[in-house]
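> mind looking at a prediction? Sequence and model below.
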Amino acid sequence: AQSVAQPEDQVNVAEGNPLTVKCTYSVSGNPYLFWYVQYPNRGLQFLLKYITGDNLVKGSYGFEAEFNKSQTSFHLKKPSALVSDSALYFCAVRDPNTGGFKTIFGAGTRLFVKA
Amino acid sequence: DAGVTQSPTHLIKTRGQQVTLRCSPKSGHDTVSWYQQALGQGPQFIFQYYEEEERQRGNFPDRFSGHQFPNYSSELNVNALLLGDSALYLCASSLRGTGNYEQYFGPGTRLTVT
């Protein structure tokens, strides 16, 4: 069965410092991996995806993520955090072998960026 | 270009009642998925509709049903509401086909069951 784990409920970082939000996954075969961000009282916004190819993928707002197959991880990173990055971040996985768009989400990590 | 829209924004129902939530997909999209997001949790997949049929389903009881119309819009129906059905219900639209991977989410409908 597919699953996603986000081991940190909350990540605190100072503005200007690099940030990492961790994600590990479990799925048979080669997964599709995603990061979404959710602001208060809003739906989810797509940040980036890994489908195939280069293990380092770049997305919106300066975020990037590194796919590590041996560690089954897909950590979200940003070189320099902004206060406006404070939000709830979800890692998600889809098994392409099942077809369709059924996506499994992690429980989320709340990011606080302090000025 | 209109994104995904959902109605209503908020809804309060009593246990045992029935509710219908609505979703209009992003222009050009043909697939609609529904997710339930309980407070403090990640979204959980309910089901997906394509060509007016349910194509995939998550671990939700038959009280949860849906429909897709010829214009690709969709409804989520929940019967015999329970307190545990209180959640944010998210609709996501996408376009089937090679090279299409992303889902676009609406703002959600906040359902409160009392």
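It's in. Since this is a predicted model, take the numbers as computed values, not measurements.
> how many other residues sit next to residue B:42?
Neighbours of residue B:42 under the rule other C-beta atoms under 10 Å in any protein chain shown: 22. Backbone N, C-alpha and C define where each C-beta goes, glycine included.
> quick check, it in contact with residue A:109.
No - Residue B:42 is not in contact with residue A:109 according to C-beta atoms under 8 Å; the separation is 10.0 Å.
> just give the nearest non-adjacent residue to residue B:28, would you?
With C-beta to C-beta, 6 or more residues apart in numbering or on different chains as the criterion, residue B:28 has its nearest non-adjacent residue at 6.4 Å, and that residue is residue B:95.
> ok, back up a step: between residue B:42 and residue A:109, which contacts overlap?
Counting by C-beta atoms under 8 Å, 6 or more residues apart in numbering or on different chains, the contacts common to residue B:42 and residue A:109 are residue A:90.
> follow-up on the earlier one: give the contact list for the residue nearest to residue B:28.
By C-beta under 8 Å, 6+ apart, residue B:95 lies in contact with B:28, B:29, B:30, B:31.
> can you list these in JSON lines and add neighbour count and distance to residue B:7?
Shown next, in JSON lines, are the contacts of residue B:95 (neighbours: other C-beta atoms under 10 Å in any protein chain shown; distance: C-beta to C-beta, whole Å):
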{"residue": "B:28", "neighbour count": "9", "distance to residue B:7": "20"}
{"residue": "B:29", "neighbour count": "19", "distance to residue B:7": "17"}
{"residue": "B:30", "neighbour count": "16", "distance to residue B:7": "20"}
{"residue": "B:31", "neighbour count": "24", "distance to residue B:7": "19"}
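> farthest pair in those residues?
B:28 and B:31 (11.1 Å; C-beta to C-beta).
> look at residue A:35 and give its secondary structure.
Following DSSP: H, G, I helix; E, B strand; the rest coil, we place residue A:35 in the strand state.
> quick one: which helix or strand includes the residue nearest to it when sequence neighbours are not counted?
The shortest distance from residue A:35 to any residue other than its chain neighbours is 4.3 Å, reached at residue A:47 (C-beta to C-beta, 6+ apart). According to DSSP states H and E, residue A:47 maps onto strand A:44-50.
> doesn't residue A:84 belong to a strand?
No - assessed with three-state DSSP, residue A:84 is helix; it does not lie in a strand.
> quickly list what the closest residue to it other than its chain neighbours is bridged to.
In this structure, residue A:84 finds its nearest non-sequential neighbour in residue A:113, 7.8 Å apart by C-beta to C-beta, 6+ apart. Applying DSSP bridges to residue A:113 gives these bridge partners: residue A:13.
> separation between residue A:113 and chain B?
Residue A:113 sits 20 Å away from chain B, going by C-beta to the nearest C-beta, to the nearest Å.
> could you do residue A:61 as well?
16 Å.
> just checking, that residue touches residue A:87?
No - judged on C-beta under 8 Å, residue A:61 makes no contact with residue A:87 at a distance of 10.2 Å.
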